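>>> model the following, please.
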Amino acid sequence: MQMRAILVLISFSFFPALAETSSISLPAFFFRNSSVTGSESSFILESAGMRAWFRSDAISFQIHGSGTTLRFAGANPRTQIEGEDATGGHVNFITGTDTQTGLEIYSRIRYHEIYPGIDLEYEGTKRHVKSQFILAPGADPRAIRLVFDGLASIAADGSLAAKNAKAHMQPATADARNIQNT
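This is a model prediction of the structure:
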């Protein structure tokens, strides 16, 4: 029986004002970027008021017109990002002469071996985007290096926040636990 550790570092709450006033209740979802968006991202997250582009070295968040980027310093440049938990739904893009239809929707994505022995998983719900690092036995969590650009700031109490007049992203408290694999 092997043990693996899961370190939940970031769980962002976003657009609370919109969620309280909007009658739209769509869950966040991921789809593979078919290059229709003109970016080099592997996956895109869509949700009310938020879009995120997932690349092997960074994630760019756009929330109500303002953005921040989370970079993975020292990460594996060849990490593979895969969709997990297909929802059965699809999205379509029609932009000028480029039409992409039937792009599969996923409820989460996983970065494989983003750091040695460490995977990174992102999952979306209606008002949260949650990430967790999954460490294989013997993996060193000190390899994880996250750098925020843009909206992010560190408060006097040491907590991290990314906010503007319309949006607020607040990481949850880090949680580390062991999970038994059989």
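
>>> going forward, measure contacts and count neighbours with C-alpha atoms only.
Noted.

>>> lowest confidence element among the helices and strands of this protein?
For the chain, the helix or strand with the lowest mean confidence is helix 16-21, at a mean of 41 (criterion: mean pLDDT, DSSP states H and E).

>>> give the next helix or strand downstream of that one.
Using DSSP states H and E, the next helix or strand after helix 16-21 towards the C-terminus is strand 29-32.

>>> what pairs with that next one, parallel or antiparallel?
Partner strands for strand 29-32, per DSSP bridges, with pairing direction: strand 43-47 (antiparallel), strand 98-115 (antiparallel).

>>> between the ones you listed, which gets nearest to Gly138?
Distance to Gly138, taken as CA to CA, is lowest for strand 98-115 among these, at 12.3 Å.

>>> contacts for the closest one?
The contact list for strand 98-115 (CA atoms under 8 Å, 6 or more residues apart in numbering) reads 28-32, 34, 36, 56, 74-77, 79-94, 118-124, 143-144.

>>> which of the residues you listed are buried?
Burial of these was assessed by neighbour count (16 or more other CA atoms under 10 Å); the buried members are 28-32, 34, 56, 75-76, 79, 81-84, 86, 118-124.

>>> those residues in strands, which ones?
Applying DSSP state E to the buried ones among the contacts of strand 98-115, the entries found in strands are 29-32, 81-84, 86, 118-124.

>>> report the lowest-confidence entry in those residues.
Looking at these by pLDDT, the weakest one is Gly124, with 80.

>>> and that one, bridged to which residues?
When bridges are called by DSSP bridges, Gly124 pairs up with Val129.

>>> residue contacts, it?
Residues in contact with Gly124 (CA under 8 Å, 6+ apart) are 27-29, 107-108, 130.

>>> what helix or strand does Ala139 sit in?
Once you assign secondary structure using DSSP H and E, Ala139 falls outside every helix and strand.

>>> from Thr79, how far out is Ala86?
Distance from Ala86 to Thr79, counting by CA to CA, to the nearest Å: 21 Å.

>>> point out the most buried one among the strands paired with strand 29-32.
Greatest average neighbour count among those goes to strand 43-47 (a mean of 22), per mean count of other CA atoms under 10 Å.

>>> next one: the nearest residue to Asp57 once chain neighbours are set aside from Ala52, what distance?
Setting aside the residues directly before and after it, Asp57 is nearest to Phe72 in space (CA to CA, 6 or more residues apart in numbering), at 5.4 Å. Phe72 is 15 Å from Ala52, where distance means CA to CA.
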